[in-house]
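K.L.:
mind looking at a prediction? Sequence and model below.
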2 protein chains.
Amino acid sequence: MINIIDLSKETSKYDVLKGIIERGDKESKSITEAVEKILADVEGHGDRAVRSYTLKFDGVGLENFEVGSDEIEQAYNSCDKDFISALENAKERIWDYHKRQLKESWITNNQKGIMLGQLYNPLERVGIYVPGGTAAYPSSVLMNAIPAKVAGVKEIIMVTPPSSQGGINKNILAAARIAGVDRVYSIGGAQAVAALAYGTETIGKVDKIVGPGNIYVATAKRMVFGRVDIDMIAGPSEVLIIADESANPRFVAADMLSQAEHDTLASSILITTSKEVAQATLKELEIQLEGLSRKAITEKALRSYAAILVVESIDEAIEFANGIAPEHLELVVREPFSVVGAIKNAGAIFVGEYSPEPLGDYYAGPNHTLPTGGTARFFSPLGVDDFVKKSSLIYYDRASLEKSKDDIIKIALEEGLDAHANSIKVRFE
Amino acid sequence: MINIIDLSKETSKYDVLKGIIERGDKESKSITEAVEKILADVEGHGDRAVRSYTLKFDGVGLENFEVGSDEIEQAYNSCDKDFISALENAKERIWDYHKRQLKESWITNNQKGIMLGQLYNPLERVGIYVPGGTAAYPSSVLMNAIPAKVAGVKEIIMVTPPSSQGGINKNILAAARIAGVDRVYSIGGAQAVAALAYGTETIGKVDKIVGPGNIYVATAKRMVFGRVDIDMIAGPSEVLIIADESANPRFVAADMLSQAEHDTLASSILITTSKEVAQATLKELEIQLEGLSRKAITEKALRSYAAILVVESIDEAIEFANGIAPEHLELVVREPFSVVGAIKNAGAIFVGEYSPEPLGDYYAGPNHTLPTGGTARFFSPLGVDDFVKKSSLIYYDRASLEKSKDDIIKIALEEGLDAHANSIKVRFE
C-alpha cells in the first residue's frame, strides 16, 4: 500500500515528499471569478443575493436565515446524553487551556514623566464558519467559539450551510449552545463569508471570520482579508510521527489511520529509526484499515499522501520534521521530552505514546485549528490572541518631550518631513 | 480650507466621513493581472525575471542585487553624526519597549500525568520591504527590523528599490546597519515581494514579509499570503485628535499638518467639544501651512481628507473615535487618562498635549507600523508577536488518557470518525 523509503539511500528527502507538501486544492481562475461575483452580489444586494445563492447552491429557499433559540434548544435536548456530557467536559478543558492565553494590558513605570503601554481589547463581533455535510464537526464549533468567548468577544455569529431539507445538524447546534454562540444563521459558501464581511439587512458585519471551509470559502476569506481579519488559509490536514524502536506499531498505525480518514487529501507520515517498526506499522495499517467505516477515503489518502521513512538517527528525523513543519507532530520515542526543545516548526506536539492526535482534536484543551501544509513555519494555532487586538499607549510630559526634542526634530528633518519637526517645535516656542 | 462640521446638526456623522474612511488605492483588475504575471515570472525564472523587471521599472541594469557590507559601512560613515546618534537613541527606546513584548513558553503543572503547554519560537527568516524615493524612511527600517531582532529571527533581509543611478539612500543603509539587518538587496516592487516569497538563485525565501509599499507591493503581498505570512495591508495614514476647550490650537494644527504632509491621501481629523478650538485650529492650519516644504501635498491632503467636527460631549467624541478606529488617536483633553479606558479601537493612543504623533513615529518606543483605514477594529501594531509562532504541547500519561477515553471515543463516533476512536481504543486493548 505504502512504500517504505530508506532515506539513507535517497538523494533528497524533500524531493520524495514534494507531492505531499504541495497537495491541496489550488485556487483556479474560474473559482476566483465565481467568488468575486458572489462577493460583489452580496455587497450590492444583501439578503436578496444571499437568498438566491442559498437556493442555487444548497437547494433551499429560506425566507429567514436565523436559527431560532427554540430550535437550538430542541436540538440540544434531542442529542445523545453521553455525547452532550462529553462535549461539556471537553468545553471545560478547552476553556481552562485558553484562559491561560489571556494577556493583561501593561504599562511602563520606570521613568518619571513617561508612560508607555500596550492595551488589549477583545474584538467586538466574530463570525465562525462551520462546514456542512459530513465535515460538520461539533468539536470545531467548540474550538472556534471558546477562544473568542474567553477573549471577551461580545457577539459570536455562526454560519453553516443548510441541508437540502433546510435544517442543520443537531450536534452542531448543541455544540453552538454549549460553546456560547450568540446567533446561528443557516447560510454557507462564499455568500456566507460575504454576508459576514459586508453585513446585510439582517446579518451584522463582523470584525473577523474564522473556521474551515472548502476552496470557495477559503478563496472568499482571502478576498475579504483586510476588510475583516481572517484566521488562516487552512489546507488539508496532516500528521507526522517520529518513532524509534520503542514505538508500538499498532498505536502508530492507528494514529496514521485516524489522520487519513479525514479526507482523501489528508497525509500521514511516519519517520522512524527502526526498520522493524516501519515494517510492522505497514502490516498494522493493512489490518486495521479493514474494519473502518471510512475505508475508501482512508485508503485513498494513504495511497496518495502517506509515507513511511527510515532514517539513521532521531536528529535526522527532527531536522526533517522542522523542514516539513507539520500540523500535528507525534513524538513516540523513548525520551520524548528530550526532543521537544529541538522542534521549531509544528502546529501541535503530541508527546509520548499516550498522547495520540485525537486527544488533541477533541479534548485535552489546546486548539485543534492548526497551521497546515508547512505554514507552521509562520502561523500559530488558533487562540485567544486571535480575538483580541492591541493598542499602543504613549504618554510624555513636557520635560520628557523637551529632553528628546532635538533627536526627534533631527530624524524628521532628515526624512524631509518638516511638519513633523514643527509639531515638536511649536510646543517649545 | 476645511469646513467645520457641527455634528449636532448632521443626521449621520459616518456619512460625513464615508469618503475619508474609504479613501485609499483600490486594487484594480489591471493591477491584479500585472502583479500575477510578475509573481509567476519570478517564481518560474528567478533572478533573471527580477533583473528584467528591475530594468523595466527602476531603469537600472543590475548584475548583482546584494548591497555589499562595505557599501553599507560607507553609507553609515558618511551620514550626519547627529542623525546617527538620534537613530541610535531611537533604537534603544524601540528595543526596550519591544523587549517587553517577549513571551515565555509555558506549561501547566496542576494535574498528575498531564502537561499542556504553549511554546514560542522565532521565525527563521524575515523580509522587510522599504519603499524607495521620497517615502524611503530610515525610521521604518528601525520599526520593522527591531521587533524581528528582539524576537530572535535568525536572518533579516531588507529589499528596497534602487534609484535610477542604481544606488540606495545612505540614511536607509545606515538605519539597516543600526537595526541589525543581515542582508540588503536593491530590488523593489512586486518582483521583490515575489523574490522573498519564492526565493531565487541568489535570494533565499523568507517566512514573512513586512513593511509598507505602493499598491503593487500591497497586491503582491496579499497574493503571496498563505505561502508566507505578511504583516497587514497598509492603507494611507491618519490621525484623529480628540480635544476639549483646554487644547492649544497651535499644537493641534501642527499635529494635523504633520499627518497631512505624508501624502495626498493622508487624513487629519479633529473632533472637539469647543467651537473656539475648532475655529482657532482652522486659522492656525492656514498660518502654519505657509512655511512647509511639502505645502502642496499637505494642502491637497487637508482639502480632500481633513475634517473638523464639533460635538456636544467627550463621550460623543469617544464613540465616534471607536467607530472610525483611527491609526493614531491623540487625546488632548483636561483629563486624558480618564478617556483611555473607553477607547476600544485605535492603533496608538497619544495621551496629553506633550505626546504628539511624531514622538511615536520616531522615538518613544512603540511601533509606528499601525493598522490604518479602520482596521484597528481587528489588527494590532507590528510587534514581537508578529515574528514568533506558537506550537501547542500535549502530554498525557496512560492513566490520564484512560480516564478521558470514553468521552473522546464518544465524540469521535458522533462525528463519524471511527479511526479517531480506534486510535484511543487500541491503546487499551
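P.N.:
Everything's here; your move. Numbering: from 1, shown residues only, chains lettered A, B, ... in the order given.
K.L.:
next up, the contacts around the closest residue to residue A:154 other than its chain neighbours.
P.N.:
Leaving out its chain neighbours, the residue that sits closest to residue A:154 by CB to CB, 6 or more residues apart in numbering or on different chains is residue A:124, at 5.2 Å. For the C-beta atoms, the positions are set from N, CA and C on the backbone; glycine is no exception. Listed by CB atoms under 8 Å, 6 or more residues apart in numbering or on different chains, the contact partners of residue A:124 are A:153-155, A:207, B:344, B:377.
K.L.:
pull out the buried members of the residues you listed.
P.N.:
Buried by 16 or more other CB atoms under 10 Å in any protein chain shown: A:153, A:155, A:207, B:344, B:377, out of the contacts of residue A:124.
K.L.:
got a list of what the single nearest residue of the stretch 51-200 of chain A relative to chain B touches?
P.N.:
Closest residue of the stretch 51-200 of chain A to chain B, CB to the nearest CB: residue A:86 (3.8 Å). Listed by CB under 8 Å, 6+ apart, the contact set of residue A:86 reads B:406-408, B:410-411.
K.L.:
among these, which lie within helices?
P.N.:
B:406-408, B:410-411 (DSSP state H).
K.L.:
can you find the helix or strand of chain A with the lowest average pLDDT?
P.N.:
Counting by mean pLDDT, DSSP states H and E, chain A has its least confident helix or strand at helix A:13-21, which shows a mean of 68.
K.L.:
list the buried ones in stretch A:31-49?
P.N.:
Buried, per 16+ other CB under 10 Å, within stretch A:31-49: A:31, A:35, A:38-39, A:41-43, A:46-47, A:49.
K.L.:
what does the stretch 1-150 of chain A have sitting close to chain B?
P.N.:
Neighbours of chain B within the stretch 1-150 of chain A, by CB under 8 Å from any CB of the partner chain: A:80, A:82-83, A:85-87, A:89-90, A:97, A:100-101, A:106, A:108, A:114-116, A:118-119, A:121, A:123-124, A:134, A:137-139.
K.L.:
give me the buried subset of the residues you listed.
P.N.:
A:83, A:86-87, A:89-90, A:97, A:100-101, A:108, A:114-116, A:118-119, A:121, A:123-124, A:137-139.
K.L.:
show me the contact partners of stretch A:91-104.
P.N.:
Stretch A:91-104 is contacted from outside by A:120, A:142-143, A:146-147, A:149-151, A:178-179, A:363-367, A:383-385, A:388, B:106, B:108, B:116, B:118, using CB under 8 Å, 6+ apart.
K.L.:
narrow those to those in strands?
P.N.:
A:120, A:388, B:106, B:116, B:118 (DSSP state E).
K.L.:
could those residues go into CSV alongside distance to residue B:265 and pLDDT?
P.N.:
Formatted as CSV, the ones in strands among the contacts of stretch A:91-104 follow (distance: CB to CB, whole Å; pLDDT from 0 to 100):
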residue, distance to residue B:265, pLDDT
A:120, 30, 98
A:388, 29, 98
B:106, 43, 98
B:116, 47, 98
B:118, 40, 98
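K.L.:
just these now: which is nearest residue A:222?
P.N.:
residue A:388 (22.6 Å; CB to CB).
K.L.:
got the contact list for the closest one?
P.N.:
A:103, A:120-123, A:151-152.
K.L.:
picking that back up, I'd like the ones in strands among the contacts of stretch A:91-104 as CSV, with distance to residue B:396 appended.
P.N.:
Putting those into CSV (distance: CB to CB, whole Å) gives the following:
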residue, distance to residue B:396
A:120, 31
A:388, 29
B:106, 18
B:116, 9
B:118, 16
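K.L.:
buried among the contacts of residue A:388? Make that a PyMOL selection.
P.N.:
A single PyMOL command selects the buried members of the contacts of residue A:388 (16+ other CB under 10 Å):
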select buried, chain A and resi 120+121+122+123+151
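K.L.:
let me know the closest of the contacts of residue A:388 to residue B:324.
P.N.:
Looking across the contacts of residue A:388 and measuring by CB to CB, the closest to residue B:324 is residue A:121, at 15.1 Å.
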